[in-house]
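Student: Dropping a prediction and its sequence here:
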Amino acid sequence: MALTDDTKQLIQQAYRDVLAGKDVRARYGQRLMIAEIARYMGDITDNDGQRTSPPSACVVEAGTGTGKTLAYLIAAIPVAKALGKTLVISTATVALQDQIVHKDLPDLKKHSKMDFTWTLAKGRGRYLCMSRLEARLHDEGNGDSDTMPLFLLDGPGNEEPGTRAFFEDMLASYGSRTWDGDRDHWPDQIPDDIWRQVTTDHRQCTNRHCSYFDSCAFFDARKGLDDADIVVANHDLVLADLTLGGGAILPEPENALFIFDEAHHLPDKALNHFAASVPLNATRQWLKQLSQALGKMQPFLAPATQAAKTIDRVSEASRGVDVALTEVYSEAEQNTGWEFSEERRSAQWRYPEGELPEVLSGLAANARLATASLVRQLGVLVDELQKAFDERKEHDVDRETAESWYPVIGSFHARAEDQLRLWAAWCETTGPKPAEGDEDAQGEEITVKPKLKSPPPARWAVRQRWDHAEDITLYSSPVLADNLLYSRLWSRAYGAVLTSATLTALGRFDRLQARAGLPAASRFLVVPSSFRYAEMATVEVPAMTAMPSDDAFTDALVSRLPDLWVGEKATLVLFTARRQMQLVRDALAPEYPDLIITQDDMAKGEVLRQHCNRVDEGRPSVLFGVASFAEGIDLPGKYLGHVVITRLPFSVPDDPIEASLAEWVSQKGGNPFMEITVPDASIKLVQAVGRLLRTEQDTGRVTILDRRIVTRRYGQLLLDALPPFRRIIEQ
């Protein structure tokens, strides 16, 4: 569909209206971004609503100050409406999701003449389940419940958290509609172990058969999903929907135009989503809980019924899994080269090239068969319980029993399925296989080099020791998400826009293109920033007495930092290791009381609030942080004038997925350090210095204490990839 004159007019007029309504001037980068997204969407061809042009994505890197949210909304809303497609906006964080829903979209509607509706989509696990809340209160009232053993749903090892008063308050707030049942809208943070007791997932939910269906927070939130022009979701929910086949929660990819904001997170989110793990001893404990639950459930079922027979089969399958796990544990414990250090009570072992030893491979195959049998029998039991909800037919199980036990057995079934994913992944052959997707459409241009076959999965094991127990957890993960994203998302989506402040590495899109499996027909744009970097900030590399690899480096930081923050109102010091951050803090805090706050001192929001309060009171403040503070904080104006980077953010060499990727690159004759480590560090470094300038009025300086940025060959690449600050480099 070429962009019609009416659609072009609508986009231009909306932009003029917003600029006039907010009394702001047009930004060159923002105009470029609007034009690029509109042109990309207009170039998609279709027939009867089905895309006929090859899969493609539009990738736009737009730095802080571009106003990218407004740009993609103004460009995409009129096009999506003209096409009759749903616009799905996906973010990596709840904070940005809420900002788009509660600020950006209402703002755009207010200042433009565009007519559109929107809704927020979150996973079921973000919402209160009234059935589970009632059961929790019922359990506490009875002291001992035979019908709904909630402790079985909370996973092993969780103490009984939360008080009756807390849950009653939750019930009253939801009943009076002062709270909508959304976890993120509860006035205080709810700990995971408490929240798990009052939420559910698709395996435990009885949907329309639930007596609370008409007042369900999750289904209330979903009512607007089919009719809304815009659905605001998050990367995890999009990936969960794709795992279910697409269209289960969100609109089908074929009928959606996707915008992925914070898109640099998407490949890693996909890897997490398709990874699997099984803790062997914890799973054996879980099998005991399953046995207890079956024992409690048996009296409610008439003998010789299908449900009663199935309980016997579940018990038998469960014993088979227990035997298989015992054998795997014994083999892994005795025949793995575990190395424990004095400080750490855990050891990790990665299987090179994903190849398992022959004996372990055979035992994993046994575990897979046993777990598949357990999944199958639990599935039959779930179906038997579900039949009881059909009031038109007589059934062996009465409805009350089904309502009590369906969530419990559903939870066991879901967990057994998760375990089966690990065993299936461990039993896949690791030989090279062709990339998924249509070779003609994908071509050999996904990466700059010809596209080679996929790396084998990463497989590893972690052995942990506690005072009175130990466990071995087995893991599997894809090494690249390229084929997964291509086959499930890019090849199916009507269109997709990816945007973020950091999508290039060392000035190129190669890294993202390879890791995200972006189609060959994709287009790429770096939007010029409106910031006058050379006037606004400097990047400084002072002389140092030690290099990061030296034992004396921590002492060098301790002696150098006070000179760097003297005279500054607000300083952020970024470390790559928590241990080093704590050592430096312990050495300096006594001399500088009430100056340093570390990100570990309290919750993130409280750390930032205290920092800002000090600055407001005219007192200097120094923040110490690690990785999450290098990307996820916003301190504009006077709240940050100096960012100190203690060392270049190279990733830890013991990450099994990164190690597997490096191994694969080496086998292809590449240089893992230059092809993976340096580009990854470049992205993290750009994100870290990006904390400094948040508005066009900000000024300040960045200091890098790692001299490798000027003494090593790769240092120049990292330096050149930073914004064009004025440089001050001491010899």
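Tutor: Sure, I can see it.

Student: Would you mind listing where the chain has pLDDT under the threshold?
Tutor: 1-2, 139-162, 342-343, 392-393, 430-453 (pLDDT under 70).

Student: now do 50
Tutor: The model of the chain has pLDDT under 50 over residues 143-161, 432-452.

Student: Let me see the domain layout of it.
Tutor: Domain assignment of the chain by automatic domain parsing yields the ranges 5-121+225-271+484-527, 133-205, 276-427, 533-729.

Student: Of these, which stretch is the most buried?
Tutor: Highest mean neighbour count of the domains of the chain: domain 5-121+225-271+484-527, a mean of 19 (counted as mean count of other C-beta atoms under 10 Å). Glycine gets a C-beta too; all of them are placed from N, C-alpha and C.

Student: Off-centre distance for that one?
Tutor: 18 Å (C-alpha atoms, centre = their mean, to the nearest Å).

Student: what distance separates the start and the end of that domain?
Tutor: 25 Å (C-alpha to C-alpha, to the nearest Å).

Student: Equivalent analysis for stretch 704-717, please.
Tutor: Per C-alpha to C-alpha, stretch 704-717 runs 15 Å from first to last residue.

Student: How about residues contacting that stretch?
Tutor: 506, 539-544, 547-548, 556-557, 560, 644-648, 673-674, 678, 682, 718-719, 729 (C-beta atoms under 8 Å, 6 or more residues apart in numbering).

Student: Which parts of the stretch 451-600 of the chain are strands?
Tutor: 458-465, 470-477, 495-500, 523-527, 537-541, 570-574, 596-598 (DSSP state E, counting those that start in this stretch).

Student: List the beta-bridge partners for residue 230.
Tutor: residue 87, residue 118 (DSSP bridges).

Student: ditto for the one 4 residues further on
Tutor: Going by DSSP bridges, residue 234 is paired in beta bridges with residue 91.

Student: Go ahead and confirm it touches residue 91.
Tutor: Yes - Residue 234 lies in contact with residue 91 (C-beta atoms under 8 Å); the separation is 5.4 Å.

Student: which residues in the stretch 1-150 of the chain form helices?
Tutor: 5-22, 28-42, 68-83, 94-99, 105-111, 130-142 (DSSP state H, counting those that start in this stretch).

Student: which residues sit against the fifth one?
Tutor: Helix 105-111 is contacted from outside by 14, 17-18, 20-22, 70, 73-74, 77, 114, 116, 118, 230, 232, using C-beta under 8 Å, 6+ apart.

Student: Go again with 10 Å.
Tutor: Applying C-beta atoms under 10 Å, 6 or more residues apart in numbering, the contact partners of helix 105-111 are 14, 17-22, 69-70, 73-74, 77, 89, 99-100, 114-118, 120, 230, 232.

Student: need the domains of the chain in JSON lines with distance to residue 463, can you?
Tutor: Listed next are the domains of the chain as JSON lines, based on distance: least, C-beta to C-beta, whole Å:
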{"stretch": "domain 5-121+225-271+484-527", "distance to residue 463": "23"}
{"stretch": "domain 133-205", "distance to residue 463": "18"}
{"stretch": "domain 276-427", "distance to residue 463": "5"}
{"stretch": "domain 533-729", "distance to residue 463": "14"}
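
Student: Quick one: closest of these to residue 475.
Tutor: domain 276-427 (4.7 Å; C-beta to C-beta).

Student: what distance separates the start and the end of that closest one?
Tutor: 13 Å.

Student: Secondary structure element holding residue 218?
Tutor: helix 217-222 (DSSP states H and E).

Student: who does that helix touch, helix- and strand-wise?
Tutor: Counting contacts by 3 or more C-beta pairs under 10 Å, 6 or more residues apart in numbering; DSSP states H and E, helix 217-222 packs against strand 118-120.

Student: Contacts for the strand it packs on next, please.
Tutor: Contacts for strand 118-120 (C-beta under 10 Å, 6+ apart): 73, 77, 87, 89, 97-98, 100-102, 104-106, 108-109, 126, 182, 184, 221-234.

Student: And the strands of the stretch 451-600 of the chain: which comes nearest residue 638?
Tutor: strand 570-574 (6.6 Å).

Student: got the CA coordinates for the closest one in PDB?
Tutor: Taking Å, rounded to 0.1, in the frame of the first residue of the first chain, the C-alpha atoms of strand 570-574 are listed here in PDB:
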ATOM      1  CA  ALA A 570      25.900  15.300  41.700                       C
ATOM      2  CA  THR A 571      28.200  12.400  40.600                       C
ATOM      3  CA  LEU A 572      27.500   8.900  39.400                       C
ATOM      4  CA  VAL A 573      30.300   6.400  39.700                       C
ATOM      5  CA  LEU A 574      29.700   3.200  37.700                       C
END
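
Student: That one: how far from the chain's middle?
Tutor: With C-alpha atoms, centre = their mean, you get 26 Å for strand 570-574.

Student: Tell me the strands beside it, with direction?
Tutor: Counting by DSSP bridges, strand 570-574 is paired with strand 621-625 (parallel), strand 642-645 (parallel).

Student: The ones you listed into JSON lines, with extra columns for distance to residue 7?
Tutor: Listed next are the strands paired with strand 570-574 as JSON lines, based on distance: least, C-beta to C-beta, whole Å:
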{"stretch": "strand 621-625", "distance to residue 7": "45"}
{"stretch": "strand 642-645", "distance to residue 7": "43"}
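
Student: just so I know, which of the ones you listed lies nearest residue 291?
Tutor: strand 621-625 (46.4 Å).

Student: Alpha carbons only: can I get whichever helix or strand comes after the closest one in PDB?
Tutor: Sequence-wise, the next helix or strand downstream of strand 621-625 (DSSP H and E) is helix 627-631. What follows is helix 627-631 as a C-alpha-only set of coordinates in PDB (Å, rounded to 0.1, in the frame of the first residue of the first chain):
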ATOM      1  CA  ALA A 627      25.100  -2.400  35.500                       C
ATOM      2  CA  SER A 628      21.400  -1.500  36.100                       C
ATOM      3  CA  PHE A 629      22.300   2.100  37.000                       C
ATOM      4  CA  ALA A 630      24.400   2.300  33.800                       C
ATOM      5  CA  GLU A 631      21.200   2.000  31.700                       C
END
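
Student: who does helix 627-631 touch, helix- and strand-wise?
Tutor: Judged by 3+ C-beta pairs under 10 Å, 6+ apart, helix 627-631 is in contact with strand 570-574, helix 604-616, helix 678-689.

Student: Any idea how many residues pack against residue 464?
Tutor: When neighbours are defined as other C-beta atoms under 10 Å, residue 464 has 17 of them.

Student: Could you number the chain from 54 rather than 1 from now on?
Tutor: Happy to do that; since the first residue is 54 now, the last one works out to residue 517.
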